[in-house]
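Engineer: no sequence for this one, just the structure:
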Ligand code: FEO
Ligand code: CA
Ligand code: CA
Ligand code: CA
């Protein structure tokens, strides 16, 4: 039963039933108490009139030039930055500001060749440029009117793609391991998966499976460290390396290009002239997402997962209180310590510092830069705990951290459907130890069609105590991927189903306006790009190419989303 004690007082809406959600899976199904607006599908001009839109016409795709001015594919992590923001004190630091206007940053994680190109392999550099230009990040000015939400003009709107100029900062910025004999300036961000945001009002985008975009035109024998990051001769089949030497692992002019990806990138949504900056102090791995908490002494602690079977959970702790760092003109994310987690069987854990003054690491690495660039290899040496695919992190109202472990291999697999972990650090996020508990095993809900959800992935804890979970993986009872909501303050928290997506999609990313009455989430890879399955966001016609899009969610009548 799902009585009030289990659901809690924070989550009272009517959950979506399996029957409701399986009638028509060509469009999303939302709770009867809610409405949604599909927004900024792939191909929407970043600014009104900036370029010809792409509307899913099956007989053409955008040109690379058009794609560089349009919303991309693979909508994933996101954050809404209200106009006139103010930040509250406390562990979560929510922004105050406009509920009707602001900047929306959206990641474009990936687009498979047929979906983006209309063919299974690129045939020219032009094809590769199109593929590259549908990746990256969109920064859009958006505004609510009587009609709903619209994209509006702003000097700070922009598309950041695989070919946009970026900067490196922090301890590894000047490392020779990040320079190429070609002398090329740092360009681009790729496979932008989950996201985060800082108390100083910037967006953080996370480079996850960057390895798949590299390949080899000649014989390629990966070094042990390259193998540890999954670099291979064929990559994921994008074929960029065939026409763009920058992604050819065997081109001597670009030997270190692969080291330039796998970072967390900071973007200022309110200054379109500032370069996206790769923060090397946060380490290089397959970054899923990042969540920042403030410590009692004003430093920032950033919690990050490395999404691979048997990979690790990390924390970065800044050296300075963030306000002091900003006042000195340095980024709080450039100086500090990177830690990796060891989970002990007794419910405690330790944060192990990845620093060159550890003799075990000094024996294998020349300097701190090399440790950060090959953080996975350093973490291996310290005996970090292999986890079952760490995905998103989010900071709860009480300052603890929720982590989603999706379906994967690790020391604790949690019934094969993923699980939600909670950690509480000693000394309010500043400590080098923690206590861990399992908040929820997804497999526990398998016997009840009203509760069932699998493969937890996206996670967002709101300021009141609700926890929103987006899924990515096969669901029971014929359901598609979904969003469920927990009241974490309930006696026995149980999921309530808010939203179910369309055939072969996943649902990811979560953000809201300061009043929490408008929320945003993403429908990613609807139909896996196949128009015979769905033509989302349009009603079914069997022909129009389905496009990733954002759903803007509001309650029918007043109320916070999730209530
Ligand atoms: Fe891009 Fe691990 O999800
Ligand atoms: Ca994910
Ligand atoms: Ca996943
Ligand atoms: Ca995914």
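Structural biologist: Okay, I see it. All values reported here derive from a predicted model rather than from experimental measurement. Numbers count the residues shown, from 1 in each chain. Ligands and ions are numbered 1, 2, ... in the order given.
Engineer: which strand or helix spans the residue in the stretch 101-250 of the chain positioned nearest to ligand 1?
Structural biologist: Among the residues of the stretch 101-250 of the chain, residue 193 lies closest to ligand 1, at 3.4 Å counting by Cβ to the nearest ligand atom. (C-beta placed from N, C-alpha, C; glycine too.) Under the criterion of DSSP states H and E, residue 193 resides in strand 192-197.
Engineer: sorry, back to before: which non-adjacent residue is nearest the residue of the stretch 101-250 of the chain closest to ligand 1?
Structural biologist: Leaving out its chain neighbours, the residue that sits closest to residue 193 by Cβ to Cβ, 6 or more residues apart in numbering is residue 208, at 3.7 Å.
Engineer: count of residues packed around that neighbour?
Structural biologist: If you count neighbours by other Cβ atoms under 10 Å, residue 208 ends up with 28.
Engineer: mind listing the strands in the stretch 151-300 of the chain by residue range?
Structural biologist: Secondary structure of the stretch 151-300 of the chain by DSSP state E, counting those that start in this stretch: the strands cover 158-160, 167-169, 192-197, 203-207, 264-267, 277-279, 287-294, 300-306.
Engineer: contacts only, for residue 261.
Structural biologist: Shown in contact with residue 261 (Cβ atoms under 8 Å, 6 or more residues apart in numbering): 189-191, 207, 210, 213.
Engineer: if you set the cut-off to 7 Å instead, what comes out?
Structural biologist: Neighbour list for residue 261: 190, 207, 210 [criterion: Cβ atoms under 7 Å, 6 or more residues apart in numbering].
Engineer: and these as a markdown table, adding distance to ligand 1, neighbour count and pLDDT?
Structural biologist: Converted to a markdown table, the contacts of residue 261 look like this (distance: Cβ to the nearest ligand atom, whole Å; neighbours: other Cβ atoms under 10 Å; pLDDT from 0 to 100):
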| residue | distance to ligand 1 | neighbour count | pLDDT |
| --- | --- | --- | --- |
| 190 | 12 | 25 | 98 |
| 207 | 10 | 24 | 99 |
| 210 | 11 | 23 | 98 |
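Engineer: what is the nearest of those residues to residue 461?
Structural biologist: Ranked by distance to residue 461 (Cβ to Cβ), those are led by residue 207 at 23.6 Å.
Engineer: what distance do you get for the closest one to residue 172?
Structural biologist: 14 Å (Cβ to Cβ, to the nearest Å).
Engineer: just want the most central residue of the chain.
Structural biologist: Among the residues of the chain, the one closest to the centroid is residue 194, at 0.4 Å (Cα atoms, centre = their mean).
Engineer: that one and residue 291 touch, don't they?
Structural biologist: No - counting by Cβ atoms under 7 Å, residue 194 stays clear of residue 291, with 9.3 Å between them.
Engineer: relative to ligand 3, how far out is the residue nearest to the centre of the chain?
Structural biologist: Here residue 194 is placed at a distance of 10 Å from ligand 3 (Cβ to the ion, to the nearest Å).
Engineer: count of neighbours near the residue nearest to that residue when sequence neighbours are not counted?
Structural biologist: In this structure, residue 194 finds its nearest non-sequential neighbour in residue 289, 2.7 Å apart by Cβ to Cβ, 6+ apart. Per other Cβ under 10 Å, the neighbour tally for residue 289 reads 33.
Engineer: what does the pLDDT read for residue 289?
Structural biologist: You'll see residue 289 listed with a pLDDT of 98.
Engineer: go on, residue 7?
Structural biologist: pLDDT, residue 7: 82.
Engineer: before we move on, what about residue 505?
Structural biologist: For residue 505, pLDDT reads 98.
Engineer: how much space separates the closest residue to it other than its chain neighbours from residue 25?
Structural biologist: On the basis of Cβ to Cβ, 6+ apart, the spatially nearest residue to residue 505 that is not a chain neighbour turns out to be residue 526, at 4.5 Å. Distance, residue 526 to residue 25, by Cβ to Cβ: 10 Å.
Engineer: which residues are in contact with each of the two?
Structural biologist: Both residue 526 and residue 25 are contacted by residue 502, under the criterion Cβ under 7 Å, 6+ apart.
Engineer: more crowded one of these two?
Structural biologist: Per other Cβ under 10 Å, whichever of residue 526 and residue 25 has more neighbours is residue 526, with 32 against 22.
Engineer: quick check: residues of the stretch 401-550 of the chain near ligand 2?
Structural biologist: residue 457 (Cβ under 5 Å from the ion).
Engineer: around ligand 3, pick out the residues from the protein.
Structural biologist: Selection of the chain residues close to ligand 3 by Cβ under 5 Å from the ion yields 406, 457, 472.
Engineer: could you dump the residues you listed to a markdown table with pLDDT and neighbour count?
Structural biologist: Shown next, in a markdown table, are the residues of the chain next to ligand 3 (pLDDT from 0 to 100; neighbours: other Cβ atoms under 10 Å):
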| residue | pLDDT | neighbour count |
| --- | --- | --- |
| 406 | 96 | 26 |
| 457 | 98 | 27 |
| 472 | 97 | 23 |
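Engineer: any idea which element the residue of the stretch 251-400 of the chain at minimum distance from ligand 3 lies in?
Structural biologist: Closest residue of the stretch 251-400 of the chain to ligand 3, Cβ to the ion: residue 391 (5.5 Å). Here residue 391, judged by DSSP H and E, is contained in strand 390-395.
Engineer: which ones among the residues of the chain next to ligand 3 lie within strands?
Structural biologist: Mapping these onto strands (DSSP state E) picks out residue 457.
Engineer: which of the residues of the chain next to ligand 3 sits closest to ligand 2?
Structural biologist: Taking Cβ to the ion as the measure, ligand 2 lies nearest residue 457 of the residues of the chain next to ligand 3, at 4.2 Å.
Engineer: check contacts around the closest one.
Structural biologist: Residue 457 neighbours (Cβ under 7 Å, 6+ apart): 391-392, 404, 406, 470-472, 508.
Engineer: quick check: which ranges of this protein have low pLDDT?
Structural biologist: The chain contains residues with pLDDT under 70 at 1-5, 85, 87-95.
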